[in-house]
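A.B. asks: quick one, structure for this:
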Amino acid sequence: MTFQTRGFDFLKDVDVRLTVELGRTEMKLKDVLALAEESVVMLDRLTDELLDVMVNGKLIARGEVVAQGDRFGLRIVELVGQQVAPRGEAA
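C.D. replies: Model (predicted):
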């Protein structure tokens, strides 16, 4: 039996989860339960830092938020090579 494919074309229809991470924080459960409308949660990123773009939890790119009409979008600024580790991890 021979399995022939045209490159990786057969993978193009596989669903993946794309995540854009704005930032992170650690909180005690009691503080999470105390959140209400207009609560502010401080994240670990600065406003001018690029956002991490991940596919199934693996960092693939970094980008910045853009506005398109009344929606938010993401502009990819850099694709991540294997030499770059996610924030907080050693390369």
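
A.B. asks: what helices or strands is the longest strand belonging to the chain leaning on?
C.D. replies: Using DSSP state E to define each element, the chain has its longest strand at strand 58-68. Applying 3 or more C-beta pairs under 8 Å, 6 or more residues apart in numbering; DSSP states H and E, one finds that strand 58-68 contacts strand 51-55, strand 71-79. C-beta: built from backbone N, CA, C; applies to glycine.

A.B. asks: strand partners of the longest one, parallel vs antiparallel please.
C.D. replies: Which is strand 71-79. Counting by DSSP bridges, the strands paired with strand 71-79 are strand 58-68 (antiparallel).

A.B. asks: same question for the first one.
C.D. replies: The strands that strand 51-55 pairs with in its sheet are strand 18-21 (antiparallel), strand 58-68 (antiparallel) (by DSSP bridges).

A.B. asks: which parts of the last one are buried?
C.D. replies: Using 16 or more other C-beta atoms under 10 Å as the burial criterion, the residues of strand 58-68 that qualify are 59, 61-63.

A.B. asks: pick out the most distant pair among these.
C.D. replies: The span of those, defined through C-beta to C-beta, is set by Leu59 and Gly63 at 11.5 Å.

A.B. asks: give the residues shared as contacts by those two.
C.D. replies: Here Leu59 and Gly63 have Val53 as joint contacts, going by C-beta atoms under 8 Å, 6 or more residues apart in numbering.

A.B. asks: that older thread, so which of the helices and strands packed on strand 58-68 is nearest Met27?
C.D. replies: For Met27, the closest of the helices and strands packed on strand 58-68 is strand 51-55, at 19.9 Å, according to C-beta to C-beta.

A.B. asks: so which bits of that closest one are buried?
C.D. replies: Of the residues in strand 51-55, 51-54 count as buried by neighbour count, 16+ other C-beta under 10 Å.

A.B. asks: stretch 43-51 now?
C.D. replies: Residues of stretch 43-51 classed as buried by neighbour count (16+ other C-beta under 10 Å): 45, 50-51.
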